[in-house]
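1. sequence and predicted structure below; questions after.
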2 protein chains.
Amino acid sequence: MKALVYTDKETLIYRDEVNAIAKERETLIKVSAVGICGSDMHAYHGHDDRRLPPLILGHEISGIDEKKDQAVVINPLVTCGSCKVCKEGREHLCQVRGLLGMTQPINRPGGFADFIAVPNKNIYNVFSKTDLDSLSLTEPTAVSYHAVKIAEQKSFIKIQKSKILIIGGGAIGLLLTLILKTRDSHDITIIDINVKRLNVCKKTSNCKIAHPDDLDILDNNYDIIFDAAGFIATRQKSIQKIKQGGVIVHIGLSQYTGEFDFRKTTLQEITFIGSYAYTNEDFKLSLDMLIEKKLGDLSWVDYRSLKKGANAFKEIHDGIISSPKIVLLP
Amino acid sequence: MKALVYTDKETLIYRDEVNAIAKERETLIKVSAVGICGSDMHAYHGHDDRRLPPLILGHEISGIDEKKDQAVVINPLVTCGSCKVCKEGREHLCQVRGLLGMTQPINRPGGFADFIAVPNKNIYNVFSKTDLDSLSLTEPTAVSYHAVKIAEQKSFIKIQKSKILIIGGGAIGLLLTLILKTRDSHDITIIDINVKRLNVCKKTSNCKIAHPDDLDILDNNYDIIFDAAGFIATRQKSIQKIKQGGVIVHIGLSQYTGEFDFRKTTLQEITFIGSYAYTNEDFKLSLDMLIEKKLGDLSWVDYRSLKKGANAFKEIHDGIISSPKIVLLP
């Protein structure tokens, strides 16, 4: 089969690979569409010790179970299903969890290929093949949905009445906004240094947009902040802009450690919480939202051929892409 | 009147001061007992820009309204009562809040003196003068009660079933333990480098105790951690020891900034939340708990004469005191 293989830092090669083979309790899926995630970019830059080359990246996958002629969407988070947290419905916190398109803890090739072998319990059937390409957005939608759910659980101020700041106008930032709109949140501002992406966010969701250094982005002013970037600077921005008693949901993971203002966190009783992936229920609900077109027409997605995937990675790296999401089609 | 005045770094002088005078909507209280708080020590070390010398420190106060011959306990947190957060019952987050015994934002002398002027709405009447000395513990009890309440609100695992680690065996650490016991929490470990204090904690509350480097204090092992110290090292200890999905409640403020592991915070979905002071309701409930003797006999409190207060500060500084709390009596 053909696959786009991550072979070295900032290097992807579209080449012949050994065919994917389904093991016990797995099914071979013909890939229809795979999105490029920020974490794929992180690996591409050589910064992710859980994704070492050579590796087929990609975990935002839709496709077809050819044996059954069945359209499917893949939940790429593989969990044990039997530990305490799995039984509590918090599968994303399973300590032996793995993700498709990762080398750690188990080496599982991802979806930038013609075929992928997927554990049966990670396959969600969908009624029609018509929207399979856009349903590859289920995974990032679930990531955003989960983060919104956390904010709702942790915030004293109801999410409808919250002043919300989103750091990062990529797919996660835009999907957060679209999901928040379904929750009747009205006061949402996205900040990003990429003006092109910001404009797409504004056009798509009618949110407010601004450059991170815009003086209108006041200190101590937001009830909820989503940091979809996860740099030292964005965390510092978050703590500066958050209101007393507010909630910072940290989704991005660009820089792992760094300085932080624990004084304000304490004196103003800020909740800082990490958001990782999604539960199985979050994934299912996100898929339903997309099928029911609750997040709009998704015309902001940029579809490209898998063959030319290496170029897409390079263009994202160079910051010259306006779409918050590129989806590759084998 | 006599007062113990903080005049310079690590210097306290017991001397004559101008008599305290009650302004409008204030009452003059004859001080019965005042506890020494960690934040008083922080000021004493010259590390608190909200408490600059010369200043009468002390905010854990009980006393008598002599005009009415009425025993009282003082809530030292002065808030506006009219802003949004005050009206929501989150007075501790009021942006113009002040504390007795602080120079910022308003200079208000504290309780290490014969008399103190207190806003009327901060005075809580109590039935009897008998336990006035120990009721000076209401303030630190309210601090601990508030932190336990936050942990209950933010934790997925019920507090009764949570494995709990407390960093710091001072008054806050011990009071946390005693309050948690009233909530039927059974698995509580306190760590501290001060073995004498740890032994008092164990004797008083029957909790587990350990040195911070004890190998039995496993990584990824606690559902809830209270950091009652707030050093860079204790925050790093917290993030190392917390279980996936766990909650770190940060109460201490010894070091304001520093490195932190945001990777684990994100990948394991850790909630890190600051806990500051208490609401008016927390204060009232804490006072009731003490009056009803729900936290035991409090025989672990070390009472000393205010005259010899400077020595008490020095002994705490030198780490040679076994009691988690020293209360000074004018």
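-> The structure has been received and is ready for your questions.

2. spell out which parts of the stretch 101-250 of chain A neighbour chain B.
-> A:Ile150, A:Lys154, A:Phe156, A:Gly230, A:Arg235, A:Gln244, A:Gly245, A:His250 (Cβ under 8 Å from any Cβ of the partner chain). For every residue, glycine as well, the C-beta is placed using N, CA and C.

3. can you name the two of the residues you listed that are farthest apart?
-> Within those, two members stand farthest from each other by Cβ to Cβ: A:Phe156 and A:Gly230, at 24.3 Å.

4. the more surrounded of these two?
-> A:Gly230 (24 against 16; other Cβ atoms under 10 Å in any protein chain shown).

5. what kind of secondary structure is the closest residue to the more buried one other than its chain neighbours in?
-> Residue nearest to A:Gly230 in three dimensions, not counting chain neighbours: A:Gly252, with 2.8 Å by Cβ to Cβ, 6 or more residues apart in numbering or on different chains. Judged by DSSP: H, G, I helix; E, B strand; the rest coil, the three-state class of A:Gly252 is coil.

6. wait, A:Gly252 sits on A:Phe226?
-> No - taking contacts as Cβ atoms under 8 Å, A:Gly252 lies outside contact range of A:Phe226: 9.2 Å.

7. more neighbours, these two?
-> A:Phe226 (31 against 24).

8. tell me the phi and psi of the residue nearest to A:Gly230?
-> Here is the backbone geometry of A:Gly252 (degrees, to the nearest 10): phi -70, psi 160.

9. pLDDT score assigned to the residue in the stretch 51-200 of chain A that chain B sits nearest to?
-> Residue nearest to chain B within the stretch 51-200 of chain A (Cβ to the nearest Cβ): A:Leu93, separated by 4.3 Å. Note on A:Leu93: pLDDT of 98.

10. one step back: and the residue nearest to A:Gly230, what does it touch?
-> The neighbourhood of A:Gly252, defined by Cβ atoms under 8 Å, 6 or more residues apart in numbering or on different chains, consists of A:Gly38, A:Ile167, A:Gly168, A:Ile172, A:Asp227, A:Ala228, A:Ala229, A:Gly230, A:Phe231, A:Thr234, B:Thr266.

11. and what of A:Leu267?
-> Counting by Cβ under 8 Å, 6+ apart, A:Leu267 makes contact with B:Leu253, B:Gly274, B:Tyr276.

12. number of residues surrounding the residue of the stretch 51-200 of chain A closest to chain B?
-> 23.

13. in chain A, which residue sits furthest out from the middle?
-> In chain A, the residue that sits farthest from the middle, by Cα atoms, centre = their mean, is A:Leu267; the gap is 32.3 Å.

14. give me the most central residue, chain A.
-> Short answer for chain A (Cα atoms, centre = their mean): A:Pro140, at 3.4 Å.

15. for that residue, which non-adjacent residue is spatially closest?
-> A:Ala171 (4.9 Å).

16. now A:Val148
-> A:Val148 sits nearest to A:Ile179 (Cβ to Cβ, 6+ apart), 5.1 Å away.

17. measure that neighbour to A:Cys37 for me?
-> When distance is defined by Cβ to Cβ, to the nearest Å, A:Ile179 is 17 Å away from A:Cys37.

18. what's the pLDDT at the residue farthest from the centre of chain A?
-> 96.

19. for A:Ile193, grab phi and psi.
-> phi -90, psi -10.

20. dump the residue contacts of it.
-> By Cβ under 8 Å, 6+ apart, A:Ile193 lies in contact with A:His211, A:Pro212.

21. contacts made by stretch A:183-192 with the rest, please.
-> Contacts of stretch A:183-192 (Cβ under 8 Å, 6+ apart): A:148, A:152, A:159-160, A:162-170, A:173-174, A:177, A:180-181, A:198, A:201-202, A:205, A:207-212, A:214, A:217, A:237.

22. ok, back up a step: wait, the residue nearest to A:Pro140 sits on A:Ile326?
-> No - A:Ala171 is not in contact with A:Ile326 according to Cβ under 8 Å; the separation is 9.1 Å.

23. surely A:Arg263 meets B:Leu253?
-> Yes - if you go by Cβ under 8 Å, A:Arg263 and B:Leu253 touch, sitting 6.3 Å apart.

24. helix or strand: which one has A:Ala317?
-> Careful, residue A:317 is His; it's not Ala. helix A:309-318 (DSSP states H and E).

25. for the very next helix or strand once past that helix, which positions count as buried?
-> Sequence order places strand A:325-329 as the next helix or strand after helix A:309-318, per DSSP H and E. Within strand A:325-329, the residues that count as buried by 16 or more other Cβ atoms under 10 Å in any protein chain shown are A:Lys325, A:Ile326, A:Val327, A:Leu328, A:Leu329.

26. going by distance to chain B, which of those wins?
-> Comparing the buried residues of strand A:325-329 against chain B with Cβ to the nearest Cβ places A:Lys325 closest, at 21.1 Å.

27. pLDDT at that closest one, what is it?
-> pLDDT recorded at A:Lys325 is 96.

28. wait, it sits on A:Ser144?
-> No - with contact defined as Cβ under 8 Å, A:Lys325 does not reach A:Ser144; the gap is 11.6 Å.

29. so the closest residue to A:Ile157 other than its chain neighbours is in which element?
-> Leaving aside its chain neighbours, A:Ile157 sits nearest to A:Asp223 (4.5 Å; criterion: Cβ to Cβ, 6+ apart). Per DSSP H and E, A:Asp223 falls inside strand A:222-227.

30. that strand packs against which elements?
-> helix A:138-154, strand A:163-167, helix A:232-241, strand A:242-250 (3 or more Cβ pairs under 8 Å, 6 or more residues apart in numbering or on different chains; DSSP states H and E).

31. show me what the second one is packed against.
-> Looking back up the chat, that one is strand A:163-167. helix A:171-182, strand A:187-191, strand A:222-227, helix A:232-241.
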